[in-house]
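S.K.: Below is the sequence, then the predicted model.
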Amino acid sequence: IIIETVGTGHSETAVKNMVDFFLLLMLAGAGDELPGIKKGIMEMADALVITKADSDNKKKATQAAADY
């Protein structure tokens, strides 16, 4: 069963207690405000995936992966 949240950082804390594996999807090159919104959620994640890592965004995705 996959549970998807709205991704704003509020409902994820409740969902964390309901799941066996917590996957966090992050956009590459989304700016500094997104990690700020996700602060606390990132520490709960079992794994983190950088999305939109194709085409012109590949360099940003590589940098984001290194940063996280």
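M.R.: Yep, it's here.

S.K.: For the rest of this, base every contact and every neighbour count on C-alpha atoms.
M.R.: Fine.

S.K.: Can you name the element that comes right after the lowest-mean-pLDDT helix or strand in the chain?
M.R.: When the helices and strands of the chain are scored by mean pLDDT, DSSP states H and E, helix 33-37 comes last with a mean of 55. Counting by DSSP states H and E, the next helix or strand C-terminal to helix 33-37 is helix 41-44.

S.K.: who's in contact with that following helix?
M.R.: Residues from elsewhere that reach helix 41-44 (C-alpha atoms under 8 Å, 6 or more residues apart in numbering): Gly9, Glu12, Thr13, Lys16, Phe22, Leu24, Leu48.

S.K.: and what of stretch 49-57?
M.R.: By C-alpha under 8 Å, 6+ apart, stretch 49-57 touches 23-29, 58, 60-62, 64-65.

S.K.: ok now stretch 21-31, how far from the chain's centre?
M.R.: Centroid separation for stretch 21-31 versus its chain: 2 Å, with C-alpha atoms, centre = their mean, to the nearest Å.

S.K.: Output it as PDB - backbone C-alpha positions only.
M.R.: Taking Å, rounded to 0.1, in the frame of the first residue of the first chain, the C-alpha atoms of stretch 21-31 are listed here in PDB:
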ATOM      1  CA  PHE A  21       9.200   2.900   4.800                       C
ATOM      2  CA  PHE A  22       9.100   6.600   4.400                       C
ATOM      3  CA  LEU A  23      10.300   7.900   1.000                       C
ATOM      4  CA  LEU A  24      10.800  11.600   0.500                       C
ATOM      5  CA  LEU A  25      10.700  13.100  -3.100                       C
ATOM      6  CA  MET A  26      12.600  16.300  -3.600                       C
ATOM      7  CA  LEU A  27      12.800  18.500  -6.700                       C
ATOM      8  CA  ALA A  28      16.300  19.500  -8.000                       C
ATOM      9  CA  GLY A  29      16.900  23.200  -8.200                       C
ATOM     10  CA  ALA A  30      13.800  24.100  -6.300                       C
ATOM     11  CA  GLY A  31      15.600  26.900  -4.400                       C
END
